[in-house]
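Asks: Here is a sequence together with a model predicted from it:
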Amino acid sequence: DTEVTQTPKHLVMGMTNKKSLKCEQHMGHRAMYWYKQKAKKPPELMFVYSYEKLSINESVPSRFSPECPNSSLLNLHLHALQPEDSALYLCASAGGLESSYEQYFGPGTRLTVT
Amino acid sequence: GQSLEQPSEVTAVEGAIVQINCTYQTSGFYGLSWYQQHDGGAPTFLSYNALDGLEETGRFSSFLSRSDSYGYLLLQELQMKDSASYFCAVMGGNNRKLIWGLGTSLAVNP
């Protein structure tokens, strides 16, 4: 199974809402990633987890809060977002940090902040 | 600083061969990856070169020259479904994160 799943596919939220994005993989991968992608731009790394511990935080605003409950799951909690946070949020996994060159991406969550 | 350069757009016809170049400047270098992304889709891993030379996977090949900080993706026997964005990405630095190029939009015409 080489699939990474993400829910929801689409999300519309107001600036005062709290919501969560979910990501799951069953490939036994030990590295998991959150990316933000705007149209016609490359994915922009937000967070990296390695063996369920936060390894990289790319100076992401605190209104984004990641969580890795276990080796298969990755969440991104959203609170008090701004309209400029509207984007495609991608989750990815890799065998480990040493295999970061080969990442498997989920289909993404299309987020609109109103 | 760290930077990757690749052409923003390439156009070709079905059945042709196209080469997408990527030059990079990074602190620390482990290897060069290539990803494909169709409109509305997620990036898909295509290839990885850690050593100099050519890697072939079906119609796609990828090349790396570490001494020139240069690589390319070669797509042969182009098909309409190859129309997509192609990103080169370098794995580098102490934390081995991927540094992404801005992407090349490939349009394959009949």
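Replies: Looks like it came in fine.
Asks: count of residues packed around residue 73?
Replies: Let's take chain A. Residues lying near residue A:73 (other Cβ atoms under 10 Å in any protein chain shown) number 14. In short, each C-beta sits where N, CA and C put it, glycine included.
Asks: my bad, chain B
Replies: By other Cβ under 10 Å, neighbour count at residue B:73 equals 26.
Asks: residues touching residue B:16, list them.
Replies: With contact taken as Cβ atoms under 8 Å, 6 or more residues apart in numbering or on different chains, residue B:16 is in contact with residue B:78.
Asks: so how far is residue B:63 from it?
Replies: If you measure residue B:16 against residue B:63 using Cβ to Cβ, to the nearest Å, the figure is 18 Å.
Asks: And for residue B:38?
Replies: From residue B:38 to residue B:63 the distance is 23 Å (Cβ to Cβ).
Asks: With residue A:79 instead?
Replies: Distance from residue A:79 to residue B:63, by Cβ to Cβ: 45 Å.
Asks: For these two, indicate the residue with more neighbours.
Replies: residue B:63 (20 against 15).
Asks: Would you state the secondary structure element containing the more buried one?
Replies: Here residue B:63, judged by DSSP states H and E, is contained in strand B:60-65.
Asks: Can you tell me what sits against that strand?
Replies: By Cβ under 8 Å, 6+ apart, the list of residues contacting strand B:60-65 reads B:31-32, B:34, B:46-55, B:70-76.
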